[in-house]
Each structure stands twice: as C-alpha cells, then as structure tokens.
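> sequence first, then the predicted structure, then my questions.
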Amino acid sequence: MFSILIIYEAENLELLITELKASIPNIDVHIWPEMENPEKIEAIVTWKPPLGIMSKFPNLKVIISLGAGVEEILRDPHLPQNVPIVRIVEPCLTSRMTEYILLAVLRFHRQALEYQKLQKTRNWKPLPLPETSSCHIGILGLGILGTDAAEKLNTLGFPIRGWSRTPKNIDGIECFYGREQLKLCLSKCRIVVCLLPLTPETEGILNRETFSAMPQESYLINVARGQHLVEQDLLEALDSGQLSGACLDVFSREPLPESHPFWSHPQITITPHVATQTNSEYWTKPVVDAIRCIRAGVPLKNVVNPQQGY
Ligand code: NDP
Ligand code: OXD
C-alpha cells in the first residue's frame, strides 16, 4: 500500500481522492490532520503547508505542490533535503492566466477605464485609437505562464520583450536575461507584466528603480506574488505619473485588508488572487502522473530546484 497525505483545506477534495483511487492501484489517501502513522506516508499533496510539517514523515518520497508557485513549501527550514518537489503545470492553469493578462492588457490599451469615466458623465468623446504595433509589452518571467502570455499577446500584434534568469530564444519575442539586462528590457515597455516566482532575487523587484526604467505613464500588471511589489513605491509612481495605472491580483497580505489604500485608488484595479486557479478536476492528472513516476522509479516532470527557489 502506498500512502498519500493531502495537506490542503479545500472543498471538494472528494473528487481528487476518488480519482486518485480509481487511477492508481493499492493506495490509501489521508487528509491532514487525520492520519494514523506518519511513517507510512510516501507522498504529500499540498498548497501552503504549515511550517515544520514536512520533517514528520521519514519515508516521504515526493512532495506535490498544487500551486505553480512553491515559495510556501520552500520557506520551511525543516524541509527534507533529498525529497523531490514537483509543482503543478496544467494547460487550464496556463490558459486562464493568459486570459486574465489579455483582459488586463486590452482594458488598459483600449482605454476602457477612460470610457467608463466618460460614460458616467454622459460624455460622447472619442479618444485617439492607440497603435498596437508600437505598444511594447514586457513580460518578467518567461516560464510556463510567461511564455504562453507572451506568445498570445504577440499574435494580437503587440511587440513583446521577455525577461528571464537564463538566456532564451522564443520566436517573435525579444528576449533579455539577468539583472544587467532588466532596465534595457523595460526601457520601451508601455505595459509590464510580472510572472516571476517569488525568490530572494525577485522579492521587491517591482520598485521605484524598476518603474523609472519604464516609459512615463506606463502600466503595471502583477499576477505573480504581492511580495514582488514595493507598495509605497507603486503609490508614489502613480502620484508622479511615472505609472498611469496598475492591475493587481496578488498582495503581500491576502485577503487585502479593508483599510488598504489600494482598494480606493482610482488608478488601481484589484482582483482577489484569481488570475488563474484550478480545482480538483484539474489536479488529478498531474498528481497521478507524479505518483506513477515515483512508484515506477522513472524521472519526475516539473521538478522544483530548491537552490533556485522555483
Ligand atoms: P516558471 O518556473 O515556469 O517560470 C519562472 C520564470 O521566471 C522563468 O522564466 C525564470 O527564468 C524566471 N526567473 C526566475 N528567477 C528569475 C530572476 N532572478 N531573474 C529573472 N528571471 C527569473 O513559473 P510559472 O510561469 O509556472 O509561474 C510563475 C509564477 O506565477 C509562480 O511562481 C507564481 O508566483 C505565479 N502564479 C500566480 C498565480 C495567480 O493566480 N496569480 C497562479 C499561478 C502562478 P529561467 O527561464 O531562466 O529559469
Ligand atoms: C499558484 C497560485 O502559484 O495560485 O498556483 O498562486
């Protein structure tokens, strides 16, 4: 018997459990904190586990993250060193993220907020149409999510600049890499989308210096993590006109406190960490694949590198 422990508070885990049992022979599935013997647990399926928990399972063979971002797993100082961590990579997670980014980009590009204001005052006032071919978009993070968004935006005619840690070569995308090339990458970008993992290198990367490397009145979309953004620097950049607006899906404190100035800021659009999401229906395949690989002793896919932090 191969024992799996799910450490995640979600509704509808029943579907995942039923499908795991139907897809993999000889498994039993426990839901934290109900579990008889931690020594039996060989796989953990989780999202934001409590600190210190991973050290309790001496026979653990794999940790499967239900989130694409794994910083909440890696922050545990007692994380076992030799247990591989795999993270969810799933077509629906990717396409929903791209939908969100397209919505945020087009809302800004096609002046939706301006027209909303004009409508409120019954003002029939056509604005000059923006030129798509000269609206550069910068995508910070050219991984699974960033590459898909970059390619889809590019097919709409936007020139795309992408930034990653290591060099990349992607058809139609102008690629930059490393800290030295960040400012160069940003220098033409009227819209910047953050799709980086949260690591010690990327924390606070959306700051005053970054904003001032962008053209005046540019637009920020942060769909990665709240801790990428220096909040005060954003407020100042909006006040000074360096940025003309921001669309934020993630925040350093979630839920965003009611008293937070972002809520009522006229140039900030807020959504509650929903740029993309998956649920039980979509988790089964990646979780089953990872458990099958571990049991068969074949290489896992989408393995996290704890040293790199993603
Ligand atoms: P990937 O691991 O596939 O891609 C990460 C990208 O970031 C890679 O291109 C990597 O470079 C680049 N990168 C990492 N560190 C640096 C650095 N120091 N400097 C420059 N580039 C760097 O991640 P995903 O695309 O799957 O996901 C990205 C993030 O999106 C997640 O970590 C998560 O935080 C966030 N997310 C948000 C969601 C939401 O609903 N708001 C939902 C899902 C994810 P290289 O290619 O060279 O390795
Ligand atoms: C993720 C998220 O990382 O939902 O998957 O934020």
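That came in fine, so what should we check first? From a predicted model like this one, the values you see are computed outputs, not experimental measurements. Ligands and ions are numbered 1, 2, ... in the order given.
> how much space between Gly178 and Glu201?
Going from Gly178 to Glu201 by Cβ to Cβ, to the nearest Å gives 10 Å. For every residue, glycine as well, the C-beta is placed using N, CA and C.
> list the residues that contact both of these two?
Arg165 (Cβ atoms under 8 Å, 6 or more residues apart in numbering).
> angles on the backbone of Ala213, please.
Main-chain torsions, Ala213, degrees, to the nearest 10: phi -80, psi -10.
> state the number of residues packed around it.
A count of nearby residues for Ala213, using other Cβ atoms under 10 Å, gives 17.
> ditto for Val298
Neighbourhood size, Val298 [other Cβ under 10 Å]: 9.
> pick out the residue nearest the middle of the chain.
Centroid check for the chain by Cα atoms, centre = their mean gives Ala224 as the closest residue, at 3.9 Å.
> name the nearest residue to it, ignoring sequence neighbours.
Excluding the flanking residues, the one nearest Ala224 by Cβ to Cβ, 6 or more residues apart in numbering is Cys194, at 4.6 Å.
> residue contacts, that neighbour?
Leu140, Gly141, Ile205, Leu206, Leu220, Ile221, Asn222, Val223, Ala224, His228, Leu229.
> up against ligand 1, what does the stretch 151-300 of the chain have?
Residues of the stretch 151-300 of the chain lying near ligand 1 by Cβ under 6 Å from any ligand atom: 163-166, 195-199, 201-202, 223-225, 249-250, 273, 275-276.
> quick one, phi psi at Pro38?
Backbone torsions of Pro38, given as degrees, to the nearest 10, read phi -60, psi -20.
> ok, how many other residues are close to it?
Counted by other Cβ under 10 Å, the residues lying close to Pro38 total 16.
> thought it was touching Ile53?
No. Under the criterion of Cβ atoms under 8 Å, Pro38 is not in contact with Ile53, lying 9.6 Å apart.
> just the strands in the stretch 151-300 of the chain please.
Applying DSSP state E, counting those that start in this stretch to the stretch 151-300 of the chain gives strands spanning 160-164, 173-177, 189-194, 218-222, 243-248, 268-270.
> hmm, who's touching the fifth one?
Contacts of strand 243-248 from elsewhere in the structure, counted by Cβ under 8 Å, 6+ apart, are 104, 107-108, 113, 211, 214, 217-222, 226, 229, 234, 237-238, 262, 267-271.
> wait, what's in contact with Ile17?
Contact partners of Ile17, counting by Cβ under 8 Å, 6+ apart, are Ile6, Val29, Ile31.
> need the contact list for the last one.
Under the criterion of Cβ under 8 Å, 6+ apart, the contact list for Ile31 reads Leu5, Ile6, Leu13, Ile17.
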